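# Let's see this in three dimensions:
(2 chains)
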Amino acid sequence: KAGVTQTPRYLIKTRGQQVTLSCSPISGHRSVSWYQQTPGQGLQFLFEYFSETQRNKGNFPGRFSGRQFSNSRSEMNVSTLELGDSALYLCASSLDGPLHFGNGTRLTVT
Amino acid sequence: QQQVKQSPQSLIVQKGGISIINCAYENTAFDYFPWYQQFPGKGPALLIAIRPDVSEKKEGRFTISFNKSAKQFSLHIMDSQPGDSATYFCAASMWTNAGKSTFGDGTTLTVKP
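Numbering: from 1, shown residues only, chains lettered A, B, ... in the order given. Below you'll find the predicted structure:
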């Protein structure tokens, strides 16, 4: 069974731009979660989608948004990028319990 | 605030030694406590997990000890190997809501040959 796939692996953007990251979950997993990983803050929960609906939301500003499609694939969008948004963005899919992570998208904002 | 506190931040052990990482949680509604292992350039991968109906779970060289009354759990790596060198994260959540997990800050383990 294929794992969680995230694209692209690397992104370089300029402050003020917007970016869209993509995640394909494991087949059959309807829950997709997004996490931001930085050296100083660890893994911070962004939001979770389940059957195309946002089920949970973390403490991030409205510039961070996401959506889930009928095939469970998910995208997250960050608008008006700030330098502090530079991070590894991880997507994870699950049934109940264990999270299955992708290898992330490394976003650098200059 | 629903925090998970993890210690130590970094750990160096000799090959064959025991590595111990500790975590403490606050939310008594949590009933799922996994440990994830992350290598550079990779996403975290589930290592071992425990539910509060047992106080200990062992899988090979990896053991979780769980103390419900103290709201603490720990990871023990026996006979540590250089290949175990990685960053370890504890996490806590509700089993039915694991998509919203709270993670510890991570422990960087280095096993010296």
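
# Hmm, A:Leu107 is touching A:Lys13, no?
Yes. A:Leu107 lies in contact with A:Lys13 (Cβ atoms under 8 Å); the separation is 6.8 Å. In short, each C-beta sits where N, CA and C put it, glycine included.

# who has more neighbours, these two?
Taking other Cβ atoms under 10 Å in any protein chain shown, A:Leu107 and A:Lys13 do not tie; A:Leu107 has more neighbours (20 against 16).

# what separates that one from A:Ser86, distance-wise?
Separation of A:Leu107 from A:Ser86 (Cβ to Cβ, to the nearest Å) stands at 6 Å.

# Could you do A:Arg106 as well?
Counting by Cβ to Cβ - A:Arg106 and A:Ser86 are separated by 9 Å.

# Same check on B:Ser7?
Taking Cβ to Cβ, one finds B:Ser7 at 27 Å from A:Ser86.

# So B:Trp35 sits against B:Thr63, correct?
No. With contact defined as Cβ under 8 Å, B:Trp35 does not count as touching B:Thr63 (10.3 Å).

# Quick check: neighbours shared by those two?
B:Ile48, B:Leu75 (Cβ atoms under 8 Å, 6 or more residues apart in numbering or on different chains).

# what about these two, which has more around it?
For B:Trp35 and B:Thr63, the more surrounded residue by other Cβ under 10 Å is B:Trp35, and the numbers stand at 24 against 18.

# So in terms of bridging, what pairs with the more buried one?
B:Ile48, B:Cys90 (DSSP bridges).

# mind checking pLDDT for it?
Per-residue pLDDT puts B:Trp35 at 98.

# try B:Gln1
51.

# Could you do A:Ala2 as well?
82.

# From A:Thr105, how far off is the spatially closest residue to A:Arg73 that is not a sequence neighbour?
The spatially closest residue to A:Arg73, leaving aside those adjacent along the chain, is A:Ser24, at 5.1 Å (Cβ to Cβ, 6 or more residues apart in numbering or on different chains). As judged by Cβ to Cβ, A:Ser24 and A:Thr105 stand 12 Å apart.

# And the helix or strand where B:Ser74 lies, how far out from the chain middle?
Per DSSP states H and E: B:Ser74 is located in strand B:72-77. Centroid displacement of strand B:72-77 relative to its chain, using Cα atoms, centre = their mean, to the nearest Å, is 6 Å.

# Could you list the buried residues of that strand?
B:Phe73, B:Ser74, B:Leu75, B:His76, B:Ile77 (16 or more other Cβ atoms under 10 Å in any protein chain shown).

# Give the other helices and strands that it contacts.
Here strand B:72-77 touches strand B:19-25, strand B:45-50, strand B:62-67, strand B:86-92, going by 3 or more Cβ pairs under 8 Å, 6 or more residues apart in numbering or on different chains; DSSP states H and E.

# Could you export that strand as CSV, CA atoms only?
Taking C-alpha atoms only, strand B:72-77 is exported to CSV below (Å, rounded to 0.1, in the frame of the first residue of the first chain):
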residue,chain,number,x,y,z
GLN,B,72,3.5,10.3,32.7
PHE,B,73,4.8,7.9,30.1
SER,B,74,8.3,7.0,29.0
LEU,B,75,10.1,5.2,26.2
HIS,B,76,12.9,2.8,27.0
ILE,B,77,15.3,1.6,24.3
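
# So in that sheet, which strands flank it, and in what orientation?
Assessed with DSSP bridges, strand B:72-77 is paired to strand B:19-25 (antiparallel), strand B:62-67 (antiparallel).
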